[in-house]
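In: Could you work out the structure for the sequence below:
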Amino acid sequence: MSGSASRASRYARMVINKDGKTASIVGKTTSFDFYESVYSPEVTATIVFVDAGESIGASKDQDTQERTGSIKNSLPITGMEDFEVNIQSKSGTLIYVKNPLKVNSAPIVSQESNRQIVLLSLKSNPAIDNKDIKNACKKYKGRISNTVESILKEMNIKKYTIDGTKNAFDFISKGEGGLDLINYLCKKSIPEKGDPGFFFYETQDGLNFRAIDNLIAEESVATYTYSGALKDQEDNDFKIVLPPNIIKDQDVSKALESGTYSSRNVFFNPLTFETEEKIYKLNEDNPETTLGKEVPFKDKVKNYSKTNYHILDIGSLDPTNTAPNNDSREWQAKSSMRYNLLHSQIMSIQVPCNLQLRAGNIITVEIERQGDKALGGVDQQQSGKYMILHLCHHFDSLRSFTSMTLARDSYGLYTGKK
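Out: Below is the predicted model:
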């Protein structure tokens, strides 16, 4: 498609399928929003459509005279219907046809004598399958990344990306769904290289179990600029269309309270009744992996600012084993530091629709420097690499755009340091 990426996209397919009976809402749709987040193992969407009735014939068990009526009442839409979508934009195609989304709810938001406005809430198939618990109390053993793959195969999920872990963990599922189990494993996982801490999330490409350090080490997939003024429409596909919204900036007090830079940790051994004290400092064992320059204030924090208490897992699944199960001394404090640090700065931006972007991607943001505009240049402090925490692709009859929530752990343009 030519023209600007912010122009209205084409709804090639919008079909609701229930037991082989279908209804198209291509000409009825007023807006469609598609969501991804590194916090969520499911993609979701919402769609609003207007139905003037006479859209589809009711089945005999719904209406003895089999009269035509609205899609909501005559199909009828009650939940768990397949929703097939194909939206074509300049930047690509959003498509869920072979693996359609599922209708989660379908409230009528407005109703008049001659029309209904219906809001469909949609979820991906894995999110629905997650509630179908086949193994209420299954025991898992071995490397965490192998366990994650095993759970996904049990759920018959074929599209996924898994970063390898170097630590093992034995546990019992305790009646939780597969996606919930993997979420539970994120903070307990240590990548083969780098600090503990994973995200488990779904994008258009499938499910992802990715280490935070691996994600932020990836190359930037796009560069977006903000100059406060848009030029001709054809040149704005990689412009930030609204002023960036700074949601959170570095908060030193909260960082110290949470133990982001240094923490004292006391571990209790239930076998020997002994306690062990360890003080962890940010990136003490590994070279820094950051999205910007060095972590601010790190070297100025001389003492720990928080104390945590932990109980080692010894003998809970194997009474003969006296070694800790997934030794929490290796990940408990460090993963907390990694998560907290990543959220040091949070910013939201809106750009012309880009269906190539995914939650977890790294993008570069260039914000104009304040001062004499004739001198040009970008703000060396605000500009740099950011991780996409959440994104929303929005489509309506007039425009298409992508909104993103971005995060990073330090200030400044990336310098290529080790």
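
In: In the stretch 201-350 of the chain, where is pLDDT below threshold?
Out: Scanning the stretch 201-350 of the chain with the threshold set as pLDDT under 70 gives 229-235, 283-288, 296-300.

In: Quick one: the strands in it, in order.
Out: Along the stretch 201-350 of the chain, the stretches classed as strands by DSSP state E, counting those that start in this stretch are 206-211, 223-226, 245-248, 262-269, 274-281, 307-311, 345-352.

In: What residues of the second one count as buried?
Out: Spelled out, it's strand 223-226. Residues of strand 223-226 classed as buried by neighbour count (16 or more other CB atoms under 10 Å): 224-226. For the C-beta atoms, the positions are set from N, CA and C on the backbone; glycine is no exception.

In: ok so, going back, mind checking which of the strands of the stretch 201-350 of the chain is nearest Gly384?
Out: Gly384 sits nearest to strand 345-352 of all those, at 9.6 Å, using CB to CB.

In: who does the following helix or strand past the closest one pair up with?
Out: Downstream of strand 345-352, the first helix or strand assigned by DSSP states H and E is strand 362-367. Sheet pairing of strand 362-367 (DSSP bridges) gives strand 223-226 (parallel), strand 384-396 (antiparallel).

In: Just want the angle from the longest one to strand 345-352.
Out: When you say that, I think you mean strand 384-396. Interaxial angle of strand 384-396 relative to strand 345-352 (axes from the mean of the first three to the mean of the last three CA atoms, to 10 degrees): 40 degrees.

In: Rounded mean pLDDT for strand 384-396, please.
Out: Mean pLDDT, strand 384-396: 97.

In: how many neighbours does Ile346 have?
Out: 17 (other CB atoms under 10 Å).

In: now do Leu75
Out: Residues near Leu75, counting by other CB under 10 Å: 24.

In: quick one: contacts for it?
Out: Leu75 makes contacts with 16, 18, 21, 23, 56, 81, as judged by CB atoms under 8 Å, 6 or more residues apart in numbering.

In: which one of the strands of the stretch 201-350 of the chain lies closest to Ile87?
Out: strand 345-352 (14.6 Å).

In: Can you give me the buried ones in that closest one?
Out: Using 16+ other CB under 10 Å as the test for burial, strand 345-352 gives 345-347, 349-352.

In: Helices along this structure, start to end?
Out: With helices called from DSSP state H, the chain shows them at 71-74, 125-129, 144-154, 178-185, 212-216, 252-257, 332-342.

In: got the ones you listed as JSON lines, with mean neighbour count and distance to Tyr304 columns?
Out: JSON lines is the format used below for the helices of the chain (neighbours: other CB atoms under 10 Å; distance: least, CB to CB, whole Å):
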{"stretch": "helix 71-74", "mean neighbour count": "22", "distance to Tyr304": "58"}
{"stretch": "helix 125-129", "mean neighbour count": "19", "distance to Tyr304": "40"}
{"stretch": "helix 144-154", "mean neighbour count": "19", "distance to Tyr304": "28"}
{"stretch": "helix 178-185", "mean neighbour count": "21", "distance to Tyr304": "27"}
{"stretch": "helix 212-216", "mean neighbour count": "21", "distance to Tyr304": "22"}
{"stretch": "helix 252-257", "mean neighbour count": "14", "distance to Tyr304": "10"}
{"stretch": "helix 332-342", "mean neighbour count": "22", "distance to Tyr304": "10"}
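
In: for those, which one sits closest to Pro191?
Out: Evaluated with CB to CB, the helices of the chain place helix 212-216 nearest to Pro191, the distance being 6.1 Å.

In: Who are the packing partners of that closest one?
Out: Packing partners of helix 212-216 (3 or more CB pairs under 8 Å, 6 or more residues apart in numbering; DSSP states H and E): strand 198-203, helix 332-342, strand 384-396.

In: now Asp195, nearest residue through space, not along the chain?
Out: Take Asp195 and drop its neighbours on the chain: the residue closest to it by CB to CB, 6 or more residues apart in numbering is Arg338, 4.8 Å away.

In: how far away is the one you found from Leu207?
Out: Arg338 sits 21 Å away from Leu207, taking CB to CB, to the nearest Å as the criterion.

In: Output the helices and strands packed on helix 212-216 in CSV; the columns should cover distance to Val301.
Out: Shown next, in CSV, are these (distance: least, CB to CB, whole Å):
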stretch, distance to Val301
strand 198-203, 26
helix 332-342, 12
strand 384-396, 23
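
In: hang on, the earlier thing: which one of the strands paired with strand 362-367 is the most hemmed in?
Out: Counting by mean count of other CB atoms under 10 Å, strand 384-396 has the highest mean neighbour count of the strands paired with strand 362-367, with a mean of 22.

In: before we move on, the earlier item: need the helices of the chain in a markdown table with distance to Ser397, can you?
Out: A markdown table is the format used below for the helices of the chain (distance: least, CB to CB, whole Å):
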| stretch | distance to Ser397 |
| --- | --- |
| helix 71-74 | 19 |
| helix 125-129 | 29 |
| helix 144-154 | 38 |
| helix 178-185 | 35 |
| helix 212-216 | 36 |
| helix 252-257 | 43 |
| helix 332-342 | 37 |
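
In: Nearest approach to Gly164 belongs to which of those helices?
Out: helix 144-154 (4.8 Å).

In: Would you mind giving the domain segments of this structure?
Out: 139-214, 218-243+343-408, 252-339 (automatic domain parsing).

In: To Leu119, which of those domains lies closest?
Out: Evaluated with CB to CB, those place domain 218-243+343-408 nearest to Leu119, the distance being 14.0 Å.

In: just to revisit the earlier point, got the strands of the stretch 201-350 of the chain as TSV, with distance to Lys385 columns?
Out: Output for the strands of the stretch 201-350 of the chain, formatted as TSV (distance: least, CB to CB, whole Å):
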stretch	distance to Lys385
strand 206-211	16
strand 223-226	10
strand 245-248	16
strand 262-269	25
strand 274-281	24
strand 307-311	30
strand 345-352	11
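
In: Single out the most deeply packed of these.
Out: strand 206-211 (a mean of 22).

In: and for it, what are the contacting residues?
Out: Residues from elsewhere that reach strand 206-211 (CB under 8 Å, 6+ apart): 41, 126, 145, 148, 152, 157-163, 182, 186, 189, 191, 194, 197-202, 360.

In: beta partners for Phe401?
Out: Going by DSSP bridges, Phe401 forms beta bridges with Pro352, His394.

In: Pretty sure it sits against Cys353.
Out: Yes - contact criterion CB atoms under 8 Å: Phe401 and Cys353 qualify, at 5.4 Å.
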